[in-house]
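[1] I need the structure of the sequence given here:
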Amino acid sequence: MSNIVRLVNKALNAFIVTVFISLVLLVFMQVFFRYIVGNSLTWAEEVARFLFIWLIYIGGIITVRKGMNITFDVFLESLPDKLWVVVFTVVNLLSAGFLALVAVLGFDLALVNMTQYSSSIMFPMGIVYLAIPVGAAGMLISQVQWYLAMKEKRGIGINA
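    This is a model prediction of the structure:
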């Protein structure tokens, strides 16, 4: 199982790097064409916006995977083990519930918008909106992995 997780993480990192490099190059090209050539690329702003949206949602998976999401570590670390488990579990259940809701509603949003096309490049907006459920589902999986890893690191069994 850990080989699959490592492979998915490598693919995710490669995707993020590719999208980020594409975004930087696209914005650079847009600036070059607008101010040096004097003729703006009409499609570049729209594509850059779509790449940025995907970058944010997929990048959130890595944030959750590394435990860098918003939390209150100082408060949690000061709690005794039994209370820590309760608070940590409640916080993670709330986060997981929220992410599950975002994934489901985001998928509905993507489906509804598959027939709508962007104004400049005529790209299906549903594919752009698909970043929401894909990112939320990835964050949900990462949240569960983080929860289990932190309980193990703290030396508390899953049944504690």
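[2] show me what contacts residue 117?
    Taking CB atoms under 8 Å, 6 or more residues apart in numbering, we find residue 117 in contact with 123-125. The C-beta positions use only the backbone N, C-alpha and C, and glycine is treated the same way.
[3] Check whether residue 136 really touches residue 106, as I assumed.
    Yes. With contact taken as CB atoms under 8 Å, residue 136 and residue 106 are classed as touching, separated by 5.8 Å.
[4] residues contacting residue 147?
    With contacts defined as CB under 8 Å, 6+ apart, residue 147 is in contact with 88-89, 92, 96.
[5] Could you find which two of those residues are furthest from each other?
    Taking CB to CB as the measure, the contacts of residue 147 span a maximum distance of 12.2 Å, between 88 and 96.
[6] For the nearest residue to residue 126 once chain neighbours are set aside, the count of nearby residues, please.
    Leaving aside its sequence neighbours, residue 126 sits nearest to residue 114 (CB to CB, 6 or more residues apart in numbering; 3.3 Å). Each residue near residue 114 was counted by other CB atoms under 10 Å, and the total is 13.
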